[in-house]
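Student: Sharing a model that was predicted from the sequence below.
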Amino acid sequence: MRPGDGVPPTSNISVRRGEPLVIVDRVNKHFGELHVLKDINTTVARGEVVVVIGPSGSGKSTLCRAINRLETIDSGSITIDGKVLPEEGAGLAKLRADVGMVFQSFNLFAHKTVLQNVTIAPIKVKKTSRKDAEKTAMELLDRVGVANQAKKMPAQLSGGQQQRVAIARSLAMNPKLILMDEPTSALDPEMINEVLDVMVGLAREGMTMIVVTHEMGFARKAANRVLFMADGEIVEEATPEQFFTDARSERARDFLSKIL
Ligand code: ADP
Ligand code: MG
């Protein structure tokens, strides 16, 4: 079987940079009566950058959380690098370690230094030696431009700096995929670009990324594909160019008229 066989045809986009890394196949999720994810199908290729946009409450965060199994699903399957996400168990922890997650609210450990925030998972989960973990962490902190903050506590940093630490922390596990859920929404406007620049850099280096964001600049610069969600469904998939200039669906055009 070749990679891609058996993958549902979800997109007419020709930009495919590699074999499928993430396959979301007919995923459904309810919260009580609320049908939050309705038969979601999509495939993310290795090295691809997918921007997810859509109105509040459309299921974007739930989809991200399902891909990282922070949320269970009712039916369907999610496959990451050829392995179906299990419900629980050791296999889940291992798969999850392959998926970096960056949240809107940074979620740094408040009582650990910046450096410790970046080294803790490699040391505890991957059993990396402290020396090696610190060396890698300093390289990553340097890459996101906050190496000089390594000894501080998160609260001593600006929001933009904290979010860059959060990105460095997710990179420290050497993930196959990074999920970012509105990574710049909680930031003061003057700090948004410093985080977006790091994200664009990652995209250019070939990191596979799924990013929930309404930052059109990022989508235009870095995304291979835009996925528009409304009401628990993927309503439209297009290149950023197509989507922003000529969205097909009424719902997408309506949404764009409100945010642009
Ligand atoms: P988005 O990220 O697009 O704003 P979410 O995925 O956060 O949307 O939410 C989709 C829908 O599911 C919303 O109606 C939200 O209120 C609901 N929802 C999200 N999480 C929960 C939960 N843990 N329990 C009940 N309802 C939830
Ligand atoms: Mg959300």
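Tutor: Structure received. Ligands and ions are numbered 1, 2, ... in the order given.
Student: The nearest residue to Gln116 once chain neighbours are set aside sits in which helix or strand?
Tutor: Of all residues not flanking Gln116 in the chain, Phe109 sits nearest, at 7.3 Å (C-beta to C-beta, 6 or more residues apart in numbering). Yep, even glycine has a C-beta here, placed from its N, CA and C like the rest. Using DSSP states H and E, Phe109 is not contained in any helix or strand.
Student: bridging residues for the residue lying closest to Val84 once chain neighbours are set aside?
Tutor: Nearest residue to Val84, sequence neighbours excluded (C-beta to C-beta, 6+ apart): Ser77, at 5.3 Å. For Ser77, the beta-bridge partners under DSSP bridges are Asp25.
Student: what residues are up against Ser77?
Tutor: Ile23, Asp25, Arg26, Val27, Val84, Leu85 (C-beta atoms under 8 Å, 6 or more residues apart in numbering).
Student: now do Gly59
Tutor: Lys29, Val36, Leu37, Ile40, Met229, Asp231, Gly232, Glu233.
Student: For Lys127, give me its contacts.
Tutor: By C-beta under 8 Å, 6+ apart, the contact set of Lys127 is empty.
Student: mind checking the SS state of it?
Tutor: coil (DSSP: H, G, I helix; E, B strand; the rest coil).
Student: measure it to Ala133 for me?
Tutor: Going from Lys127 to Ala133 by C-beta to C-beta, to the nearest Å gives 10 Å.
Student: Counting by contacts, list what the helix or strand of the chain with the lowest mean pLDDT packs against.
Tutor: None of the helices or strands of the chain scores lower by mean pLDDT, DSSP states H and E than helix 90-97, at a mean of 80. In terms of contacts (3 or more C-beta pairs under 8 Å, 6 or more residues apart in numbering; DSSP states H and E), helix 90-97 is not packed against any helix or strand.
Student: I appreciate the help and will end here.
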